[in-house]
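A.B. asks: my questions are about this predicted structure, shown below with the sequence.
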Amino acid sequence: MNSGHHLSREQLEQLALSQPHVVGIAESCSAAGKPVIKLLVDCPVEQITLPDALQADGIELQYVGDVKAQ
């Protein structure tokens, strides 16, 4: 997936999951139908501040609420 960022998928996952409020990662499609990596977050996306490396084309935030194991 060429999404405009310069991190490997493993590096992206490690960095993303080390951020507060990021609870998961998913592959999806943007509204335009292009492949994206979605960072799943447990608070409204307006409250999230990400490092520059995670603010790239092909990376989107999606609010999913609290995630609890069952």
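C.D. replies: Received, thanks. Numbers count the residues shown, from 1 in each chain.
A.B. asks: what about the strands in this protein?
C.D. replies: 22-29, 35-41, 59-63 (DSSP state E).
A.B. asks: ok now stretch 26-42, how far from the chain's centre?
C.D. replies: 8 Å (CA atoms, centre = their mean, to the nearest Å).
A.B. asks: for stretch 51-66, same thing?
C.D. replies: For stretch 51-66, the distance to the chain centre is 3 Å (CA atoms, centre = their mean).
A.B. asks: pLDDT of it, averaged?
C.D. replies: Taken as a whole, stretch 51-66 carries a mean pLDDT of 91.
A.B. asks: gap between stretch 51-70 and the chain center?
C.D. replies: On CA atoms, centre = their mean, the centre of stretch 51-70 falls 3 Å from that of its chain.
A.B. asks: any idea how many residues pack against the residue lying closest to residue 26 once chain neighbours are set aside?
C.D. replies: Excluding its sequence neighbours, the residue lying closest to residue 26 (CB to CB, 6 or more residues apart in numbering) is residue 38, at 4.7 Å. (Glycine included, C-beta is placed from N, CA and C.) Residues contacting residue 38 under the criterion other CB atoms under 10 Å number 17.
A.B. asks: how about the contacts made by the spatially most central residue of the chain?
C.D. replies: The chain has residue 39 as the residue nearest its centroid, 2.0 Å off, counting by CA atoms, centre = their mean. Neighbouring residues of residue 39 by CB atoms under 8 Å, 6 or more residues apart in numbering: 16, 19, 22, 24, 25, 50, 54, 59, 60, 61, 62.
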